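In: quick one, fold the following:
(chains A, B, C and D)
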Number of protein chains: 2
Amino acid sequence: MQSQHRSPCPVACTLDVIGDKWTLLVVRDMLLGRTQFKEFSASPEKIATNILTDRLNKLVEHGLAERQSSEEVAGRVIYQLTPKGKSLKPVIRAIANWGLKQIDGTEIRLKSK
Amino acid sequence: MQSQHRSPCPVACTLDVIGDKWTLLVVRDMLLGRTQFKEFSASPEKIATNILTDRLNKLVEHGLAERQSSEEVAGRVIYQLTPKGKSLKPVIRAIANWGLKQIDGTEIRLKSK
DNA sequence: CTGTATCCAGCCGGATACTG
DNA sequence: CAGTATCCGGCTGGATACAG
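Out: Take a look at the predicted model:
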């Protein structure tokens, strides 16, 4: 089911999906190869667990991520971006570039696993 | 004065500035050449006037836009993007492209003044 | 480990009315 | 025209505890 749009504008519609302070940070972590709840939870921005749960569910709802349960280890779940989710990479890159250039004190710390 | 950052990540810091459902829509309108309160207010997304006031003030605070009063016409105010604000164009474009490709029913309506 | 459940303060934002 | 003021319901998100 397609949710109601504020307008046909692609910017407005996209913001309805990723327009908040947390969603893209989770996507960023996924692009860095992180897959587990605790990994997202350990990011320096310290997202609250209830918010993380909410954002993960919404990412899955919107088809940006997939949830997979391990059958080996009980309670072992991983999240991965779908192609649709991965296609946000240029958006993240544009945002990162803007921050690097326009905001003092920002830097990329590459510590992907 | 530099506000407190959640982390040094350029994505997180940028989201602290533009990470909501309204700010980038105002920037979008400004990139389309709109300058007046009523023009932003007339956009199809129907931003509430108190929210619009808030976002315009924050854009000015963050140095993304400038406010200019006309001395000819009383009560005539215009907002314009600064170079820093204009440098968000690649971000908007990336977002627009993603929406056009990934969300059904979106389209660009060019009716700049 | 991966969440869910609460509590709860504060912010967001729609509607409306009003001011200079 | 360009806002400000206010009411107010609902969402956001931090802290913490608890469950499968």
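In: switch to C-alpha atoms for all contacts and neighbour counts from now on
Out: Noted.
In: list the contacts for A:Leu15?
Out: B:Asp20, B:Lys21 (Cα atoms under 8 Å, 6 or more residues apart in numbering or on different chains).
In: could you measure from it over to B:Leu15?
Out: 12 Å (Cα to Cα, to the nearest Å).
In: same question for A:Ala94.
Out: A:Ala94 is 12 Å from B:Leu15, by Cα to Cα.
In: and A:Glu66, by the same measure?
Out: Taking Cα to Cα, one finds A:Glu66 at 24 Å from B:Leu15.
In: next one: A:Ile92
Out: Taken as Cα to Cα, the span from A:Ile92 to B:Leu15 is 10 Å.
In: got a pLDDT number for A:Glu72?
Out: Looking at A:Glu72, its pLDDT is 69.
In: what number of residues are in the vicinity of the nearest residue in space to A:Leu31 that is not next to it in sequence?
Out: Nearest residue to A:Leu31, sequence neighbours excluded (Cα to Cα, 6 or more residues apart in numbering or on different chains): A:Lys86, at 7.3 Å. Neighbour count of A:Lys86, defined by other Cα atoms under 10 Å in any protein chain shown: 16.
In: all strands for chain A, in order.
Out: Using DSSP state E, the strands of chain A run over A:65-69, A:77-81.
In: can you give me the helices for chain A?
Out: Taking DSSP state H to define them, one finds helices in chain A at A:10-18, A:23-31, A:37-41, A:49-61, A:83-86, A:89-102.
In: redo those as a markdown table? Include mean pLDDT and distance to DNA strand C.
Out: Formatted as a markdown table, these follow (pLDDT from 0 to 100; distance: least, Cα to the nearest atom of the strand, whole Å):
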| stretch | mean pLDDT | distance to DNA strand C |
| --- | --- | --- |
| helix A:10-18 | 95 | 10 |
| helix A:23-31 | 96 | 13 |
| helix A:37-41 | 95 | 4 |
| helix A:49-61 | 94 | 5 |
| helix A:83-86 | 96 | 17 |
| helix A:89-102 | 97 | 19 |
